[in-house]
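Chemist: just a sequence and a predicted model for now, questions to come.
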Amino acid sequence: MIDQNASLNELAQSTAVIFKQKSGQIARWIAAAPGRVNLIGEHTDYNDGFVFPMALERYTVIAAAPNGTQKITLTSGITKGAATIDLSQPLQRGEPSWANYVKGVIVGFQRLGQKIPGFDAHIESTVPVGGGVSSSAALEVATATLLEAVTGKKLTPVQKGLLCQKAEHEFALMPCGIMDQFISVMGKAGHVLLLDCQSRRTKLVPMKSKAVAILVINTNVKHELTGSEYPDRRRQCEAAAQALGVKSLRRSTLAEVNAAPSKMTNLVFRRARHVVTEITRTTEAAAAFARGDWATAGELMYASHASLRGDYEVSCPELDDVVAIAHGLGRKGGVYGCRMTGGGFGGCCVALVQASKVKTIAAKIASAYKAQTKITPSLFVSRPGQGAMLLKG
Ligand code: GLA
């Protein structure tokens, strides 16, 4: 039931081997960056709130070597495709779409005055694509890590996260917050990252207990909405902040929101209520994780899901099914908590479970979900992984 996963070393080695087959060259550089799962703190990053993600032990790896030209040739084992980037021209978005993430990061380095020489590169990944676990951030951050080596220009972690976020805004047209790129840069093995998106201060919360496991359940659905849902939420939050007279919803409290329903539409009111309650839940959950209080952490995860479903309206029937099944197994069945994770409308749920029961829990969730939806889910377990690194170069 639980998907097995190649280790980072195995992935790096196979990427280098495939790179050699494709380009005839030995990799000079190998860079890696992880996907992420957010334990709690959803749709809070662009409201200057707190988020609590961990890096996954699932990575995107790029192996590369100089080619002495003005072109970057890319091949990808993820899409089985190829792309050429002509460095003698100003870079623009285009096809194939996956190369846009790479282009956006190159442009970020060019803006810093860096001249990028031509190189050949091959990309492989164990981060599920399109599942809400930040495969795009992993590709951006792996690219930035590679370019640090190629150009010799070392960025600070904050600079690097922001450069990659900008690449996503400009080249994928996704107005995301800072969470995904920051955790992919700053993740630390054995730790969950409490990130204050206002001050950008971080606190690493150790998560080394063998008693619990993080189980990720991919619903394997992605609802094609108009594509405007995410920017709409951002605008609704801005409208709420404006009505409350604050710069961002981080600066407001639940009492203030509750006192102000007449200042905004009911929809905007509910969006604001989600954000302010979620920010509080996130710091409470981080404290619960830190003291190993799994019951409290789990309850906060369920409450987060209810708020995302009811007030923020970013869940979907399949995510709700997974959470209901997990809740049905209950603490007796070894489940402390479960919620949707990431932007929503499909993708993954994350569950905090008793480690000794994780296999049984995974099997039960998978079969109940399949029975209800006729869709086969994918499930995997991950400890907190390591942020971006240069493995060779
Ligand atoms: C997406 C965005 C993040 C964040 C989440 C919701 O993953 O990329 O910045 O806003 O949605 O928490």
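Modeler: Cool, got the structure. Numbers count the residues shown, from 1 in each chain.
Chemist: only C-alpha atoms for contact and neighbour calcs from this point on.
Modeler: OK.
Chemist: element containing Leu195, please.
Modeler: strand 191-196 (DSSP states H and E).
Chemist: list the contacts of that strand.
Modeler: With contacts defined as CA atoms under 8 Å, 6 or more residues apart in numbering, strand 191-196 is touched by 48-55, 179, 183, 187, 201-208, 283, 286, 384-385.
Chemist: and the next element down the chain from that strand?
Modeler: Counting by DSSP H and E, the next helix or strand C-terminal to strand 191-196 is strand 202-206.
Chemist: tell me the helix or strand right after that following strand.
Modeler: Using DSSP H and E, the helix or strand that follows strand 202-206 towards the C-terminus is strand 212-222.
Chemist: if we can go back for a sec, just the buried ones from the contacts of strand 191-196?
Modeler: Buried subset of these (neighbour count, 16 or more other CA atoms under 10 Å): 48-55, 179, 183, 187, 202, 204-207, 283, 286, 384-385.
Chemist: intersect those residues with the contacts of the ligand.
Modeler: Restricting the buried ones among the contacts of strand 191-196 to those within reach of the ligand (CA under 6 Å from any ligand atom) leaves Met179.
Chemist: from the buried ones among the contacts of strand 191-196, which ones fall inside helices?
Modeler: Members of the buried ones among the contacts of strand 191-196 lying in helices (criterion: DSSP state H): Met179, Ile183, Thr283, Ala286.
Chemist: I figured the third one hits Gly49, correct?
Modeler: No. Assessed by CA atoms under 8 Å, Thr283 is found out of contact with Gly49, at 9.7 Å.
Chemist: how long is stretch 33-46 end to end?
Modeler: Start and end residues of stretch 33-46 are separated by 22 Å (CA to CA, to the nearest Å).
Chemist: and it with the ligand, contact?
Modeler: Yes. Stretch 33-46 lies within reach of the ligand by CA under 6 Å from any ligand atom, at Glu42, His43, Thr44, Asp45.
Chemist: coming back round to it: tabulate the ones in helices among the buried ones among the contacts of strand 191-196 (JSON lines), appending pLDDT.
Modeler: Output for these, formatted as JSON lines (pLDDT from 0 to 100):
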{"residue": "Met179", "pLDDT": "98"}
{"residue": "Ile183", "pLDDT": "98"}
{"residue": "Thr283", "pLDDT": "98"}
{"residue": "Ala286", "pLDDT": "98"}
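Chemist: now the helix or strand where Val37 lies and strand 212-222, what's the angle there?
Modeler: Here Val37, judged by DSSP H and E, is contained in strand 29-40. Comparing the axes of strand 29-40 and strand 212-222 via axes from the mean of the first three to the mean of the last three CA atoms, to 10 degrees yields an angle of 100 degrees.
Chemist: now the helices for this protein?
Modeler: Along the chain, the stretches classed as helices by DSSP H are 8-23, 99-111, 135-151, 157-171, 179-186, 229-244, 254-258, 266-290, 294-310, 317-329, 358-373.
Chemist: out of those helices, which one sits most buried?
Modeler: Comparing the helices of the chain on average neighbours per residue, with mean count of other CA atoms under 10 Å, the densest one is helix 179-186 at a mean of 30.
Chemist: for Ala189, give me phi and psi.
Modeler: Taking degrees, to the nearest 10, you get phi -50, psi 140 for the backbone angles of Ala189.
Chemist: report pLDDT for the residue nearest to Ser136 when sequence neighbours are not counted.
Modeler: Spatial nearest neighbour of Ser136, chain neighbours left out: Tyr101 (7.0 Å); criterion: CA to CA, 6 or more residues apart in numbering. If you check Tyr101, the pLDDT there is 98.
Chemist: and this structure, which residues reach the ligand?
Modeler: Glu42, His43, Thr44, Asp45, Cys176, Gly177, Ile178, Met179, Asp180, Gly342, Gly343.
Chemist: quick check on those residues: which are buried?
Modeler: Glu42, His43, Thr44, Asp45, Cys176, Gly177, Ile178, Met179, Asp180, Gly342, Gly343.
Chemist: wait, the last one sits on Val314?
Modeler: When you say that, I think you mean Gly343. Yes. Using CA under 8 Å, Gly343 is in contact with Val314, at 7.3 Å.
Chemist: any idea how far Gly108 is from the ligand?
Modeler: According to CA to the nearest ligand atom, to the nearest Å, Gly108 stands 18 Å off from the ligand.
Chemist: my error: substitute Leu39 in the last question.
Modeler: Look at Leu39 and the ligand: by CA to the nearest ligand atom, they are 10 Å apart.
Chemist: that older thread, closest one of the ones in helices among the buried ones among the contacts of strand 191-196 to the ligand?
Modeler: In terms of CA to the nearest ligand atom, no member of these lies closer to the ligand than Met179, at 4.9 Å.
Chemist: ok now do the closest one, which residues does it touch?
Modeler: Asp45, Val51, Pro53, Leu195, Cys197.
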